[in-house]
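S.K.: sequence and predicted structure below; questions after.
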Amino acid sequence: MAQLSENMLITFRQNLEVFVTFSDEEWAIFAEFLYLRTIKKREPFITNGKICEEIGFIYSGSFRFFFLKEGIEISNYFSFEKELVSSYRSFLKKEPSLTTIEAMEDAEVVCFSQLALEKLSTNPKIAYKMERFGRLVAEYLICCYEERVVAFVTQTPEERYCRLLQQQPDLLQRIPQHYVANFLGITPVSLSRIRKRIYLSTAKRKVAA
């Protein structure tokens, strides 16, 4: 198994602070259970129908979540660097995943397993922190899902696209346009029209300035 670099561990620890802050002793215990997965472009992190047994932190790369409807792939989420990736429902309930999570580019993911979480939850030196960590991760993922659902109800595809660009300015250099269109619930032709309108509007504002 590939080795985790010191920089990977530092980056992961820093980003976990939004959930929980580990003391040096607690971190040393937790870090013993971490491992690195290198995932090639188009390879899955988890496949529909299999039980997800790990949570990952994306150190580099990006992923898309999709499911099949009548043989057609429907993208419903993207994850990028410094974000968590998991089929969390499957992870928690030990049930087959409803979605496939696939790398859109070569990726490095810092992972820990469900078995590790169970072991850490019984370690008196870190049990409280792991319980809090697990709860806050669940809340974070639930909020992400709710934001996605609300956006589909309250925003136009163009508004959702603009928000996506704000979050990931280099999006179209990294993700094929048909994935983005699929995620927005529109056709690639409609996405091209949206991009053209945004470009023309931006150009007009520059001229007016």
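M.R.: Everything's here; your move. Numbering: from 1, shown residues only.
S.K.: alpha carbons only for contacts and neighbour counts from here, please
M.R.: Fine.
S.K.: please enumerate the helices of this protein.
M.R.: 6-16, 24-31, 88-93, 114-120, 127-154, 157-167, 171-174, 177-184, 188-208 (DSSP state H).
S.K.: now those in a markdown table, with distance to residue 60, mean neighbour count and mean pLDDT?
M.R.: As requested, the helices of the chain are exported to a markdown table (distance: least, CA to CA, whole Å; neighbours: other CA atoms under 10 Å; pLDDT from 0 to 100):
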| stretch | distance to residue 60 | mean neighbour count | mean pLDDT |
| --- | --- | --- | --- |
| helix 6-16 | 10 | 14 | 94 |
| helix 24-31 | 19 | 13 | 95 |
| helix 88-93 | 20 | 17 | 88 |
| helix 114-120 | 22 | 15 | 91 |
| helix 127-154 | 20 | 14 | 81 |
| helix 157-167 | 16 | 15 | 85 |
| helix 171-174 | 12 | 12 | 79 |
| helix 177-184 | 19 | 20 | 87 |
| helix 188-208 | 27 | 12 | 82 |
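S.K.: for these, which one sits closest to residue 47?
M.R.: Residue 47 lies closest to helix 88-93 among those, at 11.0 Å (CA to CA).
S.K.: export only the CA atoms of that closest one, formatted as CSV.
M.R.: This file holds the C-alpha atoms of helix 88-93, laid out as CSV (Å, rounded to 0.1, in the frame of the first residue of the first chain):
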residue,chain,number,x,y,z
TYR,A,88,-21.8,7.6,3.7
ARG,A,89,-25.3,5.9,3.9
SER,A,90,-23.7,2.7,2.8
PHE,A,91,-20.8,3.3,5.2
LEU,A,92,-23.0,3.8,8.2
LYS,A,93,-25.7,1.2,7.6
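S.K.: show residues contacting that helix.
M.R.: Residues outside helix 88-93 that contact it (CA atoms under 8 Å, 6 or more residues apart in numbering): 51, 52, 53, 54, 55, 95, 96, 97, 98, 114, 138, 141.
S.K.: how about the helices of the chain in CSV, adding distance to residue 43?
M.R.: Shown next, in CSV, are these (distance: least, CA to CA, whole Å):
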stretch, distance to residue 43
helix 6-16, 21
helix 24-31, 26
helix 88-93, 19
helix 114-120, 21
helix 127-154, 23
helix 157-167, 24
helix 171-174, 16
helix 177-184, 16
helix 188-208, 24
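S.K.: nearest to residue 108, of the ones you listed?
M.R.: Closest to residue 108 of these, according to CA to CA: helix 6-16, at 9.5 Å.
S.K.: and that closest one, what other elements does it pack with?
M.R.: Contacts defined by 3 or more CA pairs under 8 Å, 6 or more residues apart in numbering; DSSP states H and E place helix 6-16 against strand 54-60.
S.K.: what does the strand it packs on rub up against?
M.R.: Residues from elsewhere that reach strand 54-60 (CA under 8 Å, 6+ apart): 8, 11-12, 80-88, 91, 106-114.
S.K.: before we move on, back to that, out of the helices of the chain, flag the one nearest residue 70.
M.R.: Ranking those by proximity to residue 70 (CA to CA) places helix 177-184 first, at 14.8 Å.
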